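Undergrad: The sequence isn't on hand, but the structure is:
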């Protein structure tokens, strides 16, 4: 167990939005979005918004801007569209709007991914940062990547990061 340098509040619920970016998934077939929702709920957090968007930069940016205006949200988790295929535009759409970035998130995600899938981890453009006083995470859409990102990076730091944004 890693010793945390700053203790988190004993109990804190984080209000989240889960956005799947995909040209092919529906709410019935979105295993990754459903997994994110379940992991957040199991950790005692709330999912206020769940939606699926086409991998269109203008739609992704409009969604970020709309969610950024909602005072009831603390964290936005996008999944899908983080690779290098022509239709993978999530990173490009979000990164230019982030007010601050958390470079360590992408670095650690790729390092942990490398341990699981090898050199193919270099194709991930996972990114995190802040927008309108909200945490923003953008992770690959595979269930393995979702599980890794949520369990090893996002959930262990979610309360701490939200606390930092609120201070």
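TA: Cool, got the structure. Just so it is clear, the structure is predicted and the values come from calculations on it, not from any experiment.

Undergrad: mind listing the helices for this protein?
TA: 31-42, 57-68, 90-95, 103-117, 143-148, 155-166 (DSSP state H).

Undergrad: of these, which approaches residue 11 most closely?
TA: With CB to CB as the criterion, residue 11 lies closest to helix 155-166 of the helices of the chain, at 9.0 Å. Where C-beta positions appear, they are placed from N, C-alpha and C, glycine not excepted.

Undergrad: the inter-axis angle of that closest one versus helix 103-117?
TA: For helix 155-166 against helix 103-117, the angle by axes from the mean of the first three to the mean of the last three CA atoms, to 10 degrees is 170 degrees.

Undergrad: elements contacting helix 155-166?
TA: If contacts are counted by 3 or more CB pairs under 8 Å, 6 or more residues apart in numbering; DSSP states H and E, helix 155-166 sits against strand 75-79, strand 134-139.

Undergrad: quick revisit: which of the helices of the chain is buried the deepest?
TA: Ranked by average neighbour count under the criterion mean count of other CB atoms under 10 Å, those are headed by helix 90-95 at a mean of 21.

Undergrad: Check which helices and strands that helix sits against.
TA: helix 57-68, strand 127-131, strand 134-139.

Undergrad: and residue 42, what does it touch?
TA: Counting by CB atoms under 8 Å, 6 or more residues apart in numbering, residue 42 touches no other residue.
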